[in-house]
Structure formats: structure tokens, C-alpha cells
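*Asks:* Sequence first, then the predicted structure:
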Amino acid sequence: MYEHFFQCPYCWEEISMLLDRSMARQTYIEDCEVCCNPIEITPEFRDNELVGFGANDIEQ
């Protein structure tokens with residue numbers, strides 16, 4: 001697992017999330033631990049290193 005810190009697209013608080021490095025590219029929904037709004041998470045790993053990350057509100 002890989003811990004990544006980022007800003008919530010709703011409340012702008014910094015939060016952390018554990019990301020699974022076993023898949024190169026993923027997309028899933030996770031609730032913000034501060035405001036509880038749903039965030040679309042899109043991490044991308046290459047050689048076990050995080051090379052891309054998106055955290056977007058799902059109401060776009």
C-alpha cells in the first residue's frame with residue numbers, strides 16, 4: 001500500500017489515502033474523511049511508483 005496526501009475537491013482539506021500498488025491504473029469512488037463527499041480517485045502506478053493521480057468531484 002502507498003500513502004498519498006492530496007486536497008479534497010469539495011472542502012479543500014488535506015487528506016491522506018492508502019492506494020493499492022498492485023494495479024497499474026484504477027478508478028474508484030472514496031468518501032472524503034473530512035466532509036464525507038464522494039471523490040473519484042484515479043491513481044496510476046509504474047514500477048511501483050505513483051506517476052499520476054486524480055481526485056475529482058463526481059458532480060462535474
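*Replies:* Arrived safely. The model shown is predicted, which means the values in this text are computed figures rather than measured ones.

*Asks:* use CA for all of it now, contacts and neighbours both
*Replies:* OK.

*Asks:* distance of residue 57 from residue 25?
*Replies:* With distances taken as Cα to Cα, to the nearest Å, residue 57 is found 19 Å from residue 25.

*Asks:* actually residue 54, not the one I wrote
*Replies:* 11 Å.

*Asks:* list residues touching both of these two?
*Replies:* Contact criterion Cα atoms under 8 Å, 6 or more residues apart in numbering; residues bridging residue 54 and residue 25 by contacting each: 42, 43.

*Asks:* State the pLDDT value of the spatially most central residue of the chain.
*Replies:* Nearest to the mean C-alpha position of the chain, counting by Cα atoms, centre = their mean, stands residue 41 at 3.8 Å. Predicted confidence (pLDDT) at residue 41: the value is 97.

*Asks:* need the contact list for it.
*Replies:* 26, 27, 28, 29, 30, 53, 54, 55, 56.

*Asks:* Please name the bridge partners of the fifth one.
*Replies:* By that I understand residue 30. Residues in a beta bridge with residue 30, per DSSP bridges, are residue 39.

*Asks:* my read: it touches residue 56, true?
*Replies:* No - between residue 30 and residue 56 there is no contact under Cα atoms under 8 Å: 10.4 Å.
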